[in-house]
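# what's the 3D shape of this:
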Amino acid sequence: MNEKMILQELLAIKERAIARYSQFKVGALLLTREGKKYSGHNIESSSFGLTICAERVALYKALSEGEREFDKMFILSDGEKFCPPCGACRQVLMDFTPDISIVLLTGSGDSNTYLLKELLPNAFTGINLD
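Numbers count the residues shown, from 1 in each chain. Sure thing, here's the model as predicted:
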């Protein structure tokens, strides 16, 4: 998949963000192993703890549609620097997509790719519950 095309999609997704409090828009695009795409953007609540990040929106949309096999997640924010997933998103992604790559993009098209396991080493998972 062409990162230039992904960037254009992410720019549009990010602009749909509902970030009336922080003014910080984030867009995410999750790819399944079969190449299907699920988008997400942040949605803020006046009760900040109820705000949901772009990454979890995309993941929950995919899971609710029955998807279980994932390949990559692309993330773009309003900032000029790379915007990695927050701790809550890293945990939820680890629970459902432990082997994916996370591709962080800037609006100018620069990118960095990480394995999720690099972003959340020694993660707490279902194995710890056994």
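# use CA for all of it now, contacts and neighbours both
Noted.
# surely K81 is within a strand?
No: under DSSP: H, G, I helix; E, B strand; the rest coil, K81 falls outside any strand and is assigned coil.
# so who does the nearest residue to it once chain neighbours are set aside touch?
Spatial nearest neighbour of K81, chain neighbours left out: T106 (6.3 Å); criterion: Cα to Cα, 6 or more residues apart in numbering. Residues near T106 by Cα atoms under 8 Å, 6 or more residues apart in numbering: L76, S77, G79, E80, K81, F82.
# with L76 instead?
Here L76 is in contact with 7, 10-11, 14, 26-28, 82-83, 104-107 (criterion: Cα under 8 Å, 6+ apart).
# between the residues you listed, which sits nearest R56?
A28 (8.8 Å; Cα to Cα).
# one step back: gap between the residue nearest to K81 and T113?
For T106, the distance to T113 (Cα to Cα, to the nearest Å) stands at 12 Å.
# checking I75 next. Helix, strand or coil?
strand.
# contact partners for it?
L10, V26, G27, A28, L29, E55, C83, P84, I102, V103, L104, L105.
# and it, what's its pLDDT?
At I75 the predicted local confidence, pLDDT, stands at 98.
# tell me what it is bridged to.
Beta-bridge partners of I75, counted by DSSP bridges, are A28, L104.
# quick one, helices of the protein?
3-15, 54-64, 87-96, 116-119 (DSSP state H).
# need these in a markdown table with distance to S45, can you?
A markdown table is the format used below for these (distance: least, Cα to Cα, whole Å):
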| stretch | distance to S45 |
| --- | --- |
| helix 3-15 | 17 |
| helix 54-64 | 13 |
| helix 87-96 | 16 |
| helix 116-119 | 27 |
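# for those, which one ends up most surrounded?
helix 54-64 (a mean of 21; mean count of other Cα atoms under 10 Å).
# could you dump that one to CSV, C-alpha only?
The C-alpha atoms that make up helix 54-64 are tabulated as CSV, following Å, rounded to 0.1, in the frame of the first residue of the first chain:
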residue,chain,number,x,y,z
ALA,A,54,-8.5,7.5,17.0
GLU,A,55,-6.6,4.2,17.4
ARG,A,56,-9.3,2.6,19.6
VAL,A,57,-12.1,3.9,17.4
ALA,A,58,-10.6,2.2,14.3
LEU,A,59,-9.9,-1.0,16.2
TYR,A,60,-13.4,-1.2,17.8
LYS,A,61,-15.0,-0.6,14.4
ALA,A,62,-13.0,-3.5,13.0
LEU,A,63,-13.7,-5.8,15.9
SER,A,64,-17.4,-5.0,15.8
